[in-house]
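Enquirer: Compute the structure for the input listed below.
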Amino acid sequence: MSETPSWDANDLDVETPNAARMYDYYLGGSHNFASDREAAARAVQVTPTMIPGARANRAFLQRAVRFCLDAGIRQFLDLGSGIPTVGHVHEIAHAIDPSTRVAYVDIEPIAVAHTRRMLSDTSAVTVTQADLQDPQEVLKSPGVADLLDFSEPVAVLAVAVLHFVPDSKNPAGMLDAYCDAVAPGSFLAVSHITDHYDTPERVAEIDRLYSSTTNAARHRTFEDFTRLIGDRELVDPGAVYATDWRPDPGTVPAEGARTAFWAALAHIS
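Expert: Below you'll find the model as predicted:
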């Protein structure tokens, strides 16, 4: 990996809540600031499922990575990878095969800086600061193009990030561009917050809260979610709640976690 840069929180906007740092808070991480914690606490007040839902989504990511490894995948492109916490993609992959290559991509400077710092001695892993909404920029960046062999299958991960991509940016077309760049036999893993709250007012309140952060989010219906995937063949059990996607035997979802995220894994042919 490239040399770890020095950075100072004073050079960053720490007064405006940031979705990546709020998600780190939900997962129990420590790479967040007071503004993030305050906004996250308000979100949890609106919907107490926020924390168990985020952790259920992280568990889906881990299961999807293991599935891809079992299918022979040894390359991962993680879009909107966020701040590294316990159970990040490379940890899951390298526990099975240390030669697995993982290219992390995120636009959030703290996420990128922490990833570089934490993984400076880890081989076969890069992190690139880029906007995932610009696939051509991402795909040609050295951290991606020099690490991944696109003539071989790749697992493209867009987990808990598509709700930050507005319809005006054509998220389905964005995913198509990444899928078109990888070899047949690849996979696409996606998850997305649901619109399954007690009342429409809760959805509106969460939307308003995130609109005051650096990353406005939007809820999508199940039909909207499946349209993002397109006509790609889904791995069983298909598009489901994250907790219902190949759960580990004997696991019981935490209260409130089940209806927080849609999730799916699709073949790229």
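Enquirer: neighbours around the nearest residue to residue 128 once chain neighbours are set aside, how many?
Expert: Counting by CB to CB, 6 or more residues apart in numbering, residue 128 lies nearest to residue 143, which is 3.7 Å off, once chain neighbours are set aside. In this view, the C-beta of every residue, glycine as well, is placed from N, C-alpha and C. Neighbours of residue 143 under the rule other CB atoms under 10 Å: 20.
Enquirer: What distance do you get for residue 143 to residue 80?
Expert: 15 Å (CB to CB, to the nearest Å).
Enquirer: For residue 88, which non-adjacent residue is closest in space?
Expert: residue 81 (7.7 Å).
Enquirer: Would you confirm that the residue nearest to residue 128 contacts residue 103?
Expert: Yes: using CB atoms under 8 Å, residue 143 is in contact with residue 103, at 5.9 Å.
Enquirer: Which neighbours do these two have in common?
Expert: Residues touching both residue 143 and residue 103 (CB atoms under 8 Å, 6 or more residues apart in numbering): 126-128.
Enquirer: Can you tell me which of those lies closest to residue 115?
Expert: Nearest to residue 115, judged by CB to CB, of the shared contacts of residue 143 and residue 103 is residue 127 at 4.1 Å.
Enquirer: Which strand residues bridge that closest one?
Expert: Beta-bridge partners for residue 127, by DSSP bridges, are residue 104.
Enquirer: That one touches residue 115, doesn't it?
Expert: Yes: between residue 127 and residue 115 there is a contact at 4.1 Å, judged by CB under 8 Å.
Enquirer: Please state the offset of whichever strand or helix holds residue 266 from the chain centre?
Expert: Under the criterion of DSSP states H and E, residue 266 resides in strand 261-268. The chain centre lies 12 Å from the centre of strand 261-268; the measure is CA atoms, centre = their mean, to the nearest Å.
Enquirer: ok, residues contacting that strand?
Expert: In contact with strand 261-268 (CB under 8 Å, 6+ apart) are residues 53, 56-57, 60, 64, 67-68, 153, 156, 159-160, 179, 182, 184-194, 222, 225-226, 229, 232-235, 238-242, 245.
Enquirer: now it: mean pLDDT?
Expert: Averaging pLDDT along strand 261-268 yields 97.
Enquirer: follow-up on the earlier one: which neighbours do residue 127 and residue 115 have in common?
Expert: Common contacts of residue 127 and residue 115 (CB under 8 Å, 6+ apart): 81, 104, 106.
Enquirer: Now that we have the residues you listed, which of them are buried?
Expert: 81, 104, 106 (16 or more other CB atoms under 10 Å).
Enquirer: avg pLDDT for the top helix by length along the chain?
Expert: Using DSSP state H, we find that the single longest helix of the chain is helix 50-70. On average, the pLDDT along helix 50-70 is 94.
Enquirer: That one: how far from the chain's middle?
Expert: 10 Å.
Enquirer: relative orientation of it and strand 261-268 in degrees?
Expert: Orientation check (axes from the mean of the first three to the mean of the last three CA atoms, to 10 degrees): helix 50-70 against strand 261-268 gives 20 degrees.
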